[in-house]
Each structure stands twice: as C-alpha cells, then as structure tokens.
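Engineer: got a structure for you, letters missing:
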C-alpha cells in the first residue's frame, strides 16, 4: 500500500470535469486506487464515488493504491491534482 496527500486547487473543486479526468487517469493503472477525505474512502475509478466525496477547493485528500504499479499511480494522480489538472 502506497499513499500520498494532495490539495485540490481547482476553483470548482473535484467536480464533473476534473473528476472525470482523474478517473480516466486512474483507469490507466492496474492497481486498486482510492481517494480518502475525512475518514471516508472511495474507489478512484468510480465517478459516483469520487463525486460523492464533495471535495471543494483547498481540500487536502489522500490518494492510496495497492498493486503492481501503486507508487507510479499515486504519484501521477497527486501531481495531476496538485497541478490544478493541467496537462
């Protein structure tokens, strides 16, 4: 298990468009990936799960992964979140 924290900088938080972008990136990895906020953990490959967290701007979340490419997956997703979802 590998985990890292990231802060959502997107003005609208982790809603429809950025959440979809995050999920697409998460689905590129074989590892199981979760996002945790306030003791609540959801599958990072599930749009409904990610949206249900209600992540607002300036919220710090934890990205966790378990599997063969866990470190790469978590690092990539955290960089994406910290970069304000810039390509």
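Structural biologist: Arrived safely. Being a predicted model, the structure only gives us computed values, none of them experimental.
Engineer: can you map out the helices along the protein?
Structural biologist: Ranges of helices in the chain, per DSSP state H, are 16-26, 47-52, 70-82.
Engineer: just put these in TSV and tack on mean pLDDT and distance to residue 41.
Structural biologist: Heads up, the C-betas are built off the backbone N, CA and C, glycines and all. Listed next are those as TSV, based on pLDDT from 0 to 100; distance: least, C-beta to C-beta, whole Å:
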stretch	mean pLDDT	distance to residue 41
helix 16-26	94	14
helix 47-52	96	9
helix 70-82	96	14
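Engineer: now the ones you listed as TSV including mean neighbour count and distance to residue 32?
Structural biologist: Putting these into TSV (neighbours: other C-beta atoms under 10 Å; distance: least, C-beta to C-beta, whole Å) gives the following:
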stretch	mean neighbour count	distance to residue 32
helix 16-26	17	10
helix 47-52	16	12
helix 70-82	19	8
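Engineer: nearest to residue 35, of those helices?
Structural biologist: Closest approach to residue 35 among the helices of the chain (C-beta to C-beta): helix 47-52, 6.2 Å.
Engineer: check contacts around the residue lying closest to residue 15 once chain neighbours are set aside.
Structural biologist: Nearest non-adjacent residue to residue 15, counting by C-beta to C-beta, 6 or more residues apart in numbering: residue 51, 6.9 Å away. With contact set as C-beta atoms under 8 Å, 6 or more residues apart in numbering, residue 51 has these partners: 14, 15, 16, 19.
Engineer: now those as a markdown table including distance to residue 56?
Structural biologist: Listed next are the contacts of residue 51 as a markdown table, based on distance: C-beta to C-beta, whole Å:
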| residue | distance to residue 56 |
| --- | --- |
| 14 | 8 |
| 15 | 9 |
| 16 | 14 |
| 19 | 13 |
